[in-house]
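Peer 1: have a look at this prediction, sequence included:
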Amino acid sequence: MEQKKKTTIVLFSGDYDKAMAAFIIANGAAAYDHDVTIFATFWGLNTLRKDEAVQTNKGMLEKMFGWMMPRGANKLGLSRMQMLGMGPKMIKHVIKKHNAMTLPQLIELAQEMGVKIVGCTMTMDLLGIQKEEMIEGVELGGVAAYLGDASEGNVNLFI
Amino acid sequence: MEQKKKTTIVLFSGDYDKAMAAFIIANGAAAYDHDVTIFATFWGLNTLRKDEAVQTNKGMLEKMFGWMMPRGANKLGLSRMQMLGMGPKMIKHVIKKHNAMTLPQLIELAQEMGVKIVGCTMTMDLLGIQKEEMIEGVELGGVAAYLGDASEGNVNLFI
Amino acid sequence: MEQKKKTTIVLFSGDYDKAMAAFIIANGAAAYDHDVTIFATFWGLNTLRKDEAVQTNKGMLEKMFGWMMPRGANKLGLSRMQMLGMGPKMIKHVIKKHNAMTLPQLIELAQEMGVKIVGCTMTMDLLGIQKEEMIEGVELGGVAAYLGDASEGNVNLFI
């Protein structure tokens, strides 16, 4: 029996466009029956935050990070052409016009297709992001788990 | 008979320096007889635009994107030290001084060495970039074609 | 005898947070007994500069690049939330609070674990960075050496 191919993506970036690229590749790979893992770390964790505020018990610095960082996929900016927020609006407009999927829809699809989405525990600690603030279905893991998957991977990307 | 090694690069970035890195690695891999594919998506598509205006039939939003995005490799900015355009000038100056290759020359060499350059159809649609606006020799393809190449690849990078 | 797994990382970025991610992954892979190479190119070279000024014989343009680019790992900015330098201070603060490792410590650990750190000769030439300006133990190499390692690699990332 042939083994399933594996795709892993480190999602470091917290940009709407880069996260879109990550989930489009992940969903494509899942459609080709790869085992797919997205390992979200640093600003990529913001992609996975719930869009409402969640009651947590945090120190001042962690609260500040929480306020300053975008809360969830729909709040992310672009890696370029941000234009005081007009860029993201334009992109979302053309996505609808072309019947393409928005980032929240891409994430939902990924979860339906069985893409494993892992939040990096070390950077969650550093940035003060707690599990309850993340969308349902996200697992937690460290760099060791990522490397275990990636060293068996056919396609490994850092985005 | 041993199979040829494969290198694939997703060129997402529209920065002069990052595109240089992508084409230097691609051309190096081609010199080592790898099958090489560059899959240009999002801002990376700007690297492949012709530097003259091309008559097209577009909606208003697509026209706006077309005006705001750099037209071709020579117009790209840097990922840092942009300094109101002085950075790219300085980089091009030191490239000439050291007899290194500019980005347009690296792209030309890539095409001569048989590097397959593919424009991502989905993001061309989103950003309103049409085939006639791209330099000669660029193929069009989707994420499925990319994944087909990458899952056989020895070196797969996202730049 | 099974061959050791290989991990290669192109460190293109000169951001504190991205360099942290690169060295955390590299050190993790070394702990799992991979052969690990970090190939520092373009702005990634700044990560490896000594923090004191080094007497060199350079042209004017190379001197300017030298002045404008951050001198060493501790001087790097963040890829986002830079906030006029407050961001890096906050990150270093939470790193200490959580007993995590700073970037200079991660680099030192990488060297102790035998991670091969290579400076890209071509971009050192372009940016006018000389070997004496780099921390001890950094090797020099070109894209050919990188591709030699990467084409045998299990995990190859571009950061």
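Peer 2: Thanks, I have the structure now. Numbers count the residues shown, from 1 in each chain, chains lettered A, B, ... in the order given.

Peer 1: what about the most centrally placed residue in chain A, distance to chain B?
Peer 2: Geometric centre of chain A, nearest residue: residue A:47, 4.5 Å, by C-alpha atoms, centre = their mean. Using C-beta to the nearest C-beta, to the nearest Å, residue A:47 is found at 16 Å from chain B. For the C-beta atoms, the positions are set from N, CA and C on the backbone; glycine is no exception.

Peer 1: got it, and residue A:91?
Peer 2: 7 Å.

Peer 1: what pLDDT does that residue get?
Peer 2: Here the pLDDT value assigned to residue A:91 is 90.

Peer 1: could you pull out the buried residues of the worst-scoring helix or strand of chain A on mean pLDDT?
Peer 2: Least confident element among the helices and strands of chain A, by mean pLDDT, DSSP states H and E: helix A:60-68 (a mean of 85). Going by neighbour count (16 or more other C-beta atoms under 10 Å in any protein chain shown), the buried part of helix A:60-68 is A:62, A:65-66.

Peer 1: identify, from the residues you listed, the entry nearest to chain B.
Peer 2: residue A:65 (23.5 Å; C-beta to the nearest C-beta).

Peer 1: check contacts around that closest one.
Peer 2: Contacts of residue A:65 were listed using C-beta atoms under 8 Å, 6 or more residues apart in numbering or on different chains, and they are A:127-129, C:90, C:94.

Peer 1: chain A against chain B: which residues are in contact?
Peer 2: A:5, A:7, A:17-18, A:21, A:24-25, A:28-29, A:31-32, A:34, A:79-81, A:90-91, A:93-95, A:97-98, A:100, A:154-159 (C-beta under 8 Å from any C-beta of the partner chain).

Peer 1: 6 Å - rerun?
Peer 2: A:5, A:17, A:21, A:24, A:28-29, A:32, A:80, A:94, A:98, A:154-155, A:157, A:159 (C-beta under 6 Å from any C-beta of the partner chain).

Peer 1: and those, which are buried?
Peer 2: Buried among the residues of chain A next to chain B by 16+ other C-beta under 10 Å: A:5, A:17, A:21, A:24, A:28-29, A:32, A:80, A:94, A:154-155, A:157, A:159.

Peer 1: where does residue A:152 land in three-state SS?
Peer 2: Following DSSP: H, G, I helix; E, B strand; the rest coil, the label given to residue A:152 is coil.

Peer 1: residue A:118 now?
Peer 2: Classified using three-state DSSP, residue A:118 is strand.

Peer 1: give me the number of residues near it?
Peer 2: 22 (other C-beta atoms under 10 Å in any protein chain shown).

Peer 1: what's across from it in the sheet?
Peer 2: According to DSSP bridges, the residues that bridge with residue A:118 are residue A:39, residue A:139.

Peer 1: these two touch, right, it and residue A:142?
Peer 2: No - Residue A:118 is beyond contact range of residue A:142, at 9.0 Å (criterion: C-beta atoms under 6 Å).

Peer 1: can you list residues touching both of the two?
Peer 2: Residues within reach of residue A:118 and of residue A:142 at once, by C-beta atoms under 6 Å, 6 or more residues apart in numbering or on different chains: there are none.
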